[in-house]
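# just the structure for this:
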Amino acid sequence: MTANRVGEQTAGSLALALLASCAAAPTTTTPPAPVELVVLGIAQDGGLPHFGCEQPCCVQARQSGRVLFPACLGVVDRRGDDGPRLLLIEATPRIEEQVALLHELASVQGRGRQPVDAVLTTHAHLGHYLGLAWFGREVAGSKQVPLHASPRFCAFVREHAPWRQLVALGQLAPMPFVVGEPFAPWPGLQVTALAVPHRDEWSDTMAFVVRGPQRAVLFVPDVDAWDKAPGLLRRLLDGVDIAYLDGTFYDGRELPDRDLAEIPHPLMTRTMELLAEVAAQRPGALRFLHCNHSNPVLHDAALRERLTARGFALAVQGERVAL
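Numbers count the residues shown, from 1 in each chain. Have a look, this model is predicted:
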């Protein structure tokens, strides 16, 4: 047994203890919870159907009208006297449809040029931040929307076109957080950003733990490998009730024409091996998203059933979790 394998097994065992109190599978709450997290997309950056893809998965999606948006979350906080506050986690190229879904799930209307109260971004890859442009004068023309991001990401948008124009015109207000320290987009909602290893050409990459009055939810849509940083799984899962995990590739065979070393992600099969005990004890608490358009879990119902039988789950666009 290799040293890496021993380290991975240890991480999985630690994760079991840390998730010992996690909740059952997310369900829609009736009536809606005062603070609620909603899933606004589960696909990889390009969504489904995927630009430039002529595989059956995308050809059939175009024919049937099936659409999956890039990985994105929203938070609805109904505790204020002036209507729900809305947090958008990731600004994808499908931001219009995703914010419309957020408004529908939050039962809000009339937001106009201030469609959300704050935005969080994990990193500067196209499926996670290109939607920031929609806050600019060519589209919404928003005013001082708080953008919570790492210091490196905030420097990126301040210094590079076209993003610096949104800052200069007062449409976005970059608000750098301290990595590893909790911050509050508004009182009563806590977020902690944790650094994860990823391809960091333009910014570093974060995972977010979002904590409400009842639960803490982990969002880690992109990571190169769980064992690339010592103790990464332990740190990410510490105190978490529900975890949304990088599910880009199932077993690595779905893109035979691409070198996956250029686009590294932990395979779902490996993640399930590492966290098997957690999933068995807390079915539904570990949920995959950011799935590549070619990932068979998106297209094979029998495979999803096997996933569920092992205690894991594929996140569902529109699912809701009371925070």
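# count the neighbours of the nearest residue to L73 once chain neighbours are set aside for me.
Using Cβ to Cβ, 6 or more residues apart in numbering and skipping residues adjacent in sequence, the residue nearest L73 is I89, 4.1 Å away. No exception for glycine: its C-beta is placed from N, CA and C like everyone else's. Neighbours of I89 under the rule other Cβ atoms under 10 Å: 26.
# how about P32?
Using other Cβ under 10 Å, P32 is surrounded by 17 other residues.
# what separates it from A207, distance-wise?
26 Å (Cβ to Cβ, to the nearest Å).
# what segments of the stretch 101-250 of the chain are strands?
In the stretch 101-250 of the chain, the strands defined using DSSP state E, counting those that start in this stretch lie at 118-120, 145-149, 172-176, 183-186, 189-195, 206-211, 216-220, 242-246.
# dump those strands to JSON lines, plus mean pLDDT and distance to D300.
Conversion of the strands of the stretch 101-250 of the chain to JSON lines gives the following (pLDDT from 0 to 100; distance: least, Cβ to Cβ, whole Å):
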{"stretch": "strand 118-120", "mean pLDDT": "98", "distance to D300": "32"}
{"stretch": "strand 145-149", "mean pLDDT": "98", "distance to D300": "36"}
{"stretch": "strand 172-176", "mean pLDDT": "98", "distance to D300": "40"}
{"stretch": "strand 183-186", "mean pLDDT": "98", "distance to D300": "38"}
{"stretch": "strand 189-195", "mean pLDDT": "97", "distance to D300": "32"}
{"stretch": "strand 206-211", "mean pLDDT": "97", "distance to D300": "28"}
{"stretch": "strand 216-220", "mean pLDDT": "98", "distance to D300": "24"}
{"stretch": "strand 242-246", "mean pLDDT": "96", "distance to D300": "19"}
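# rebuild these as TSV, extending it with distance to G83.
As requested, these are exported to TSV (distance: least, Cβ to Cβ, whole Å):
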stretch	distance to G83
strand 118-120	15
strand 145-149	17
strand 172-176	21
strand 183-186	13
strand 189-195	15
strand 206-211	20
strand 216-220	23
strand 242-246	26
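# which one of those is the most hemmed in?
Ranked by mean neighbour count, the strands of the stretch 101-250 of the chain are led by strand 242-246 with a mean of 26 (mean count of other Cβ atoms under 10 Å).
# and that one with strand 216-220, angle?
Put simply, strand 242-246 runs at 0 degrees to strand 216-220, going by axes from the mean of the first three to the mean of the last three Cα atoms, to 10 degrees.
# give the other helices and strands that the helix or strand following strand 242-246 contacts.
Going down the chain from strand 242-246, the next helix or strand is helix 268-274, by DSSP states H and E. Helices and strands touching helix 268-274, as assessed by 3 or more Cβ pairs under 8 Å, 6 or more residues apart in numbering; DSSP states H and E, comprise helix 3-18.
# of all the strands of the stretch 101-250 of the chain, which one is nearest S64?
Relative to S64, the nearest member of these by Cβ to Cβ is strand 242-246, separated by 26.0 Å.
# can you give the strand pairings for the closest one, parallel or anti for each?
Counting by DSSP bridges, the strands paired with strand 242-246 are strand 216-220 (parallel), strand 286-289 (parallel).
# a markdown table for these, including distance to E159?
Formatted as a markdown table, the strands paired with strand 242-246 follow (distance: least, Cβ to Cβ, whole Å):
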| stretch | distance to E159 |
| --- | --- |
| strand 216-220 | 26 |
| strand 286-289 | 31 |
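# nearest to P176, of those strands?
Proximity to P176 (Cβ to Cβ) singles out strand 216-220 among the strands paired with strand 242-246, at 18.8 Å.
# for A43, list each beta-bridge partner.
Beta-bridge partners of A43, as defined by DSSP bridges: P70, C291.
# that one: neighbour count?
28.
# could you list every residue that touches the residue nearest to L73?
The contact partners of I89, by Cβ atoms under 8 Å, 6 or more residues apart in numbering, come to C72, L73, G74, V75, V119, L120, T122, F208, V210, F219.
# partner residues bridging the fourth one?
To tie it back to what came earlier, the one meant is V75. In beta-bridge terms (that is, DSSP bridges), V75 pairs with L37, L87.
# if I look at it, how far off is W186?
10 Å.
# now the second one
Per Cβ to Cβ, L73 is found 16 Å from W186.
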